[in-house]
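Colleague: Sequence and computational prediction follow.
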Amino acid sequence: MTTQDWAALSEGLTDALDLSVPPIAITFSAAPVDGVPAFQDAMPQPTEDGRTGRVPAGCVFWMKAVNGTFNTAPEDHYNCSVGSFTHGLKKIEEVAGNQDVSALLESGWVDEAAVSRIPFVSERPGNITYGPLGQTPVDPDVVLLRMNARSLMILKDAYSDLPIEGKPQCHIVAKAKEHQQMTASVGCMLSRVRTGMPNNEMTCAIPAGQLGEVVERLGPVARVDATVGRYAAKDAGRFR
């Protein structure tokens, strides 16, 4: 059961930000959501350190979720040690010695001090459900947006104090869930390569409980930006 008209909120977000990808609902739960199918892609052979999962990293589920709603088990995420940690599926000491973590540290992409500051989900979920916000069968915890620079511009106009962060990209989900803080990300190379996310896309994670207020606030801002855009286009016509 849901307590909000998530379809209307999804439409409001899409209209205000001119999104080309529908908003994604992310729901953490103890058990699979009834009536929702499990994600079924096969797992490849594990690496030497035992890593495998149904996708290269949990952020790949953001891409898959555009096409429908599905449940995921913790082990579906385990190929990516960073995502397993940020989503509360494994503790930092469980992944610290893994090959992918070592590769990131050895490359200089991140250091141990930065790793210790990465936000994470505090209570281990037994299931994470992904799918289009407009079709969610339950109230989600986090709404994830994939957007371009223009969309982020409008969002930043509405929320001047909006944090815009970077690596690892997946930690914004933990910030939205645990700290109830809307956070945007320019992305990270680890996630971009694993997901195939276009280079012109960025992301934003919104606490689902704040979504009504966000949509209400975005509408007037988007209309003002549209008005300014029409003025700028008319004025620029003098130079053609």
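Modeller: Thanks, I have the structure now.
Colleague: List the residue ranges of this protein that fall below the pLDDT cut-off.
Modeller: Applying pLDDT under 70 to the chain flags residues 1.
Colleague: which SSE is residue 106 in?
Modeller: In the assignment (DSSP states H and E), residue 106 maps to helix 99-107.
Colleague: Give the burial count for the residue nearest to residue 89 when sequence neighbours are not counted, as a bare number.
Modeller: Spatial nearest neighbour of residue 89, chain neighbours left out: residue 74 (4.6 Å); criterion: Cβ to Cβ, 6 or more residues apart in numbering. Quick note: C-beta positions are derived from backbone N, CA and C, even for glycine. Residues within reach of residue 74, counting by other Cβ atoms under 10 Å, total 18.
Colleague: next one: residue 186
Modeller: Around residue 186 there are 14 residues (other Cβ under 10 Å).
Colleague: Isn't it up against residue 204?
Modeller: No. Assessed by Cβ atoms under 8 Å, residue 186 is found out of contact with residue 204, at 10.6 Å.
Colleague: ok, now how distant is the closest residue to residue 166 other than its chain neighbours from residue 27?
Modeller: Counting by Cβ to Cβ, 6+ apart, residue 186 is the residue found nearest to residue 166 once chain neighbours are left out, at 5.3 Å. Separation of residue 186 from residue 27 (Cβ to Cβ, to the nearest Å): 25 Å.
Colleague: for residue 194, same thing?
Modeller: For residue 194, the distance to residue 27 - Cβ to Cβ - is 22 Å.
Colleague: So residue 209 belongs to a helix, correct?
Modeller: Yes. Under DSSP: H, G, I helix; E, B strand; the rest coil, residue 209 sits within a helix.
Colleague: can you tell me which residues contact it?
Modeller: residue 180 (Cβ atoms under 8 Å, 6 or more residues apart in numbering).
Colleague: Mind jotting down where the strands sit in this structure?
Modeller: Under the criterion DSSP state E, the chain contains strands at 24-29, 70-72, 127-132, 142-147, 164-165, 183-185, 202-207.
Colleague: a markdown table for those, including distance to residue 234 and mean neighbour count?
Modeller: Listed next are the strands of the chain as a markdown table, based on distance: least, Cβ to Cβ, whole Å; neighbours: other Cβ atoms under 10 Å:
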| stretch | distance to residue 234 | mean neighbour count |
| --- | --- | --- |
| strand 24-29 | 37 | 22 |
| strand 70-72 | 47 | 22 |
| strand 127-132 | 37 | 24 |
| strand 142-147 | 27 | 24 |
| strand 164-165 | 31 | 16 |
| strand 183-185 | 31 | 22 |
| strand 202-207 | 29 | 24 |
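Colleague: Tabulate the ones you listed (JSON lines), appending distance to residue 53.
Modeller: Formatted as JSON lines, the strands of the chain follow (distance: least, Cβ to Cβ, whole Å):
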{"stretch": "strand 24-29", "distance to residue 53": "17"}
{"stretch": "strand 70-72", "distance to residue 53": "9"}
{"stretch": "strand 127-132", "distance to residue 53": "12"}
{"stretch": "strand 142-147", "distance to residue 53": "19"}
{"stretch": "strand 164-165", "distance to residue 53": "24"}
{"stretch": "strand 183-185", "distance to residue 53": "21"}
{"stretch": "strand 202-207", "distance to residue 53": "20"}
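Colleague: Before I go, just wanted to say thanks for your time.
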